[in-house]
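[1] Here's my sequence, what's the structure:
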Amino acid sequence: MPDATRRPFAAHGKQARRRGWTTLVTVVASALAVVLVSGTSVAAIAGAQLATAPQTVQLSTDDQSTAKTADITAIKGGANILLIGSDTRVGQFDSDEDVEGARNDVTMLIHISEDHQQLTAVSFPRDLMVPIPACTNPASGTTYPASTSAMFNTALGNGGVSCVVDTVENLTGLSIPYAGLITFDGVIEMSNALGGVDVCVAEPIDDTFTGLHLTAGSHNLEGSDALAFLRTRHGVGDGSDLARISSQQVFLSALLRKVTSDGTLSNPLTLYKLAGAALSNMTLSDGLAQTRTLVGLASALRGMSTANMLFVQYPVADDPDDSARVIVDQETAHTLNVALQNDVKSSLSDSSTGRASEESPTAGGTATTAPSTGTTPSDTASSPASSGASSGTSSAPSSSATSTATSTPLPSSITGQSASEQTCSVGN
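    Down below sits the predicted model:
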């Protein structure tokens, strides 16, 4: 991995006053991952929300076929869902000029293991240079030729959700039969429904672009404050988009711990609000927009420990042709791809947190694997506090945090954390 002290990635131009909400796909991803795990009420909630859900989109013929014929709880090799956050670029101030069309500025792949014991969420940087297949825009009918190297976040504008799915499938070698496109309104609604999310800040965050100003310490964030925290790039780490990804993981992990430890899943009213906040602000692929699919998803995730919910950044390196871009770290990415393809239970025991996060100085205790009854205990990080470097990276907890008796450690250059790890966002 590139050294965190080097020139920040994607730090070009000014940050948009209203851009960056697209980074909030991580929060809505958590809704699909845990909020729908409601036992007997999940069918009614999913059905009611889908009745008023936005329009659906179609994926490729092969992906549609898999989604229609497969049971999401029994897909060989595990189930894959792609979640996308997007907005148009018109009027945004972080680019040199206005650019028409939508961009998949945030893309997250959710892999649920076949045995339903692990969830791996992989974030793909927006400025990653990748091959993009030939795609036809579903709205305009324009066909875009294949490109051997293009910015990852142009795939959505080229050919909609299906083009982003095809791009990630080509990049990872995985089949992805389910996808969703998310708006930012659900984030505010979800954080409000939870009564806020407690996040740790290791060093003060001052970002004039998002208006976020937080002192070091713990802060309960909801509504616009939660939105600003997840939007901020200039205020955390080295000011790069990669720093923002790791800071988002701090929030997401805290959200998951709150959901699983505060009895949220046993509160029908809160659960309904959370599910509604997610589904009413999403455009789903045909296969995902099915009550049976969401009920199956809930069943697959019921009782999963937050220690076995991993958040990782797709491995990248500096682009030698453009300091504001990144390219795939081929060797490390291959290792991650193969682990996902083979549905290998993985751990981050030898890895490190990202560019804008570090281990909480108050972390302690032992992460507990959830019992088979469907209830999930409160999970806490197992390792002692880590001092953390000024760059925002630190050693991850020991393998006990992710029940690694039968898991395979990913390369140490892959950054991320489990949801059970208590981490802090690092300001700059």
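[2] which non-adjacent residue is nearest D63?
    Among residues not flanking D63 along the chain, P177 sits closest, at 4.7 Å (Cβ to Cβ, 6 or more residues apart in numbering). Placement of C-beta: from N, CA and C, glycine included.
[3] Now that neighbour: phi and psi?
    Here is the backbone geometry of P177 (degrees, to the nearest 10): phi -90, psi -10.
[4] Residue numbering should commence at 192 henceforth.
    With 192 as the first residue, the last one maps to P368.
[5] which ones are touching it?
    By Cβ atoms under 8 Å, 6 or more residues apart in numbering, the contact set of P368 is L250, D254, Q255, T257, A258, A261, I266, A270, N271, S476, G478.
[6] so V392, which of the three states?
    Three-state call for V392 (DSSP: H, G, I helix; E, B strand; the rest coil): strand.
[7] What residues are bridge-paired with the nearest residue to it once chain neighbours are set aside?
    Ranked by Cβ to Cβ, 6+ apart and with sequence neighbours excluded, the top spatial neighbour of V392 is L405, at 5.0 Å. Legend: beta-bridge partners of L405 under DSSP bridges are I396.
[8] any idea how far G386 is from L405?
    Separation of L405 from G386 (Cβ to Cβ, to the nearest Å) stands at 18 Å.
[9] Could you find the closest non-adjacent residue to L385?
    Here the residue nearest L385, using Cβ to Cβ, 6+ apart, is K449, at 6.1 Å.
[10] Kindly report the same for L403.
    Leaving out its chain neighbours, the residue that sits closest to L403 by Cβ to Cβ, 6+ apart is A419, at 4.1 Å.
[11] L273 now?
    Leaving aside its chain neighbours, L273 sits nearest to A370 (4.4 Å; criterion: Cβ to Cβ, 6+ apart).
[12] Ok, Q246 next?
    In space, not counting the residues next to it along the chain, Q246 is nearest to T474; the distance is 5.9 Å by Cβ to Cβ, 6+ apart.
[13] go on, G618?
    Using Cβ to Cβ, 6+ apart and skipping the chain neighbours, the partner closest in space to G618 is I396 (3.8 Å).
[14] Could you do N533 as well?
    With Cβ to Cβ, 6+ apart, the residue lying closest to N533 is G268, at 7.5 Å.
[15] Same check on Q309?
    N499 (4.6 Å).
[16] circling back to that earlier point, the residue nearest to N533: what's it in contact with?
    So, once contact is read as Cβ under 8 Å, 6+ apart, G268 ends up touching E305, Q532, N533, D534.
[17] Just the ones of these in helices?
    If you go by DSSP state H, those have Q532 in helices.
[18] Just to check, V535 is in contact with T599?
    Yes - with contact defined as Cβ atoms under 8 Å, V535 counts as touching T599 (5.4 Å).
[19] Spit out the contact partners of T526.
    The neighbourhood of T526, defined by Cβ under 8 Å, 6+ apart, consists of L601, P602.
[20] Please give the element, helix or strand, for it.
    With secondary structure defined by DSSP states H and E, T526 is part of helix 521-532.
[21] picking that back up, of L405 and G386, who's got more company?
    Higher neighbour count among L405 and G386: L405, with 22 against 13, using other Cβ atoms under 10 Å.
[22] what's the distance between the more buried one and D432?
    As defined by Cβ to Cβ, L405 lies at a distance of 20 Å from D432.
[23] Likewise for A330?
    Summarising the geometry, the distance separating A330 from D432, computed by Cβ to Cβ, is 27 Å.
[24] Looking at these two, which is more packed in?
    Neighbour count, other Cβ under 10 Å: between A330 and D432, D432 has more, with 24 against 11.
[25] The more buried one reaches L319, doesn't it?
    No - at 9.5 Å, D432 and L319 do not qualify as touching, with contact defined as Cβ under 8 Å.
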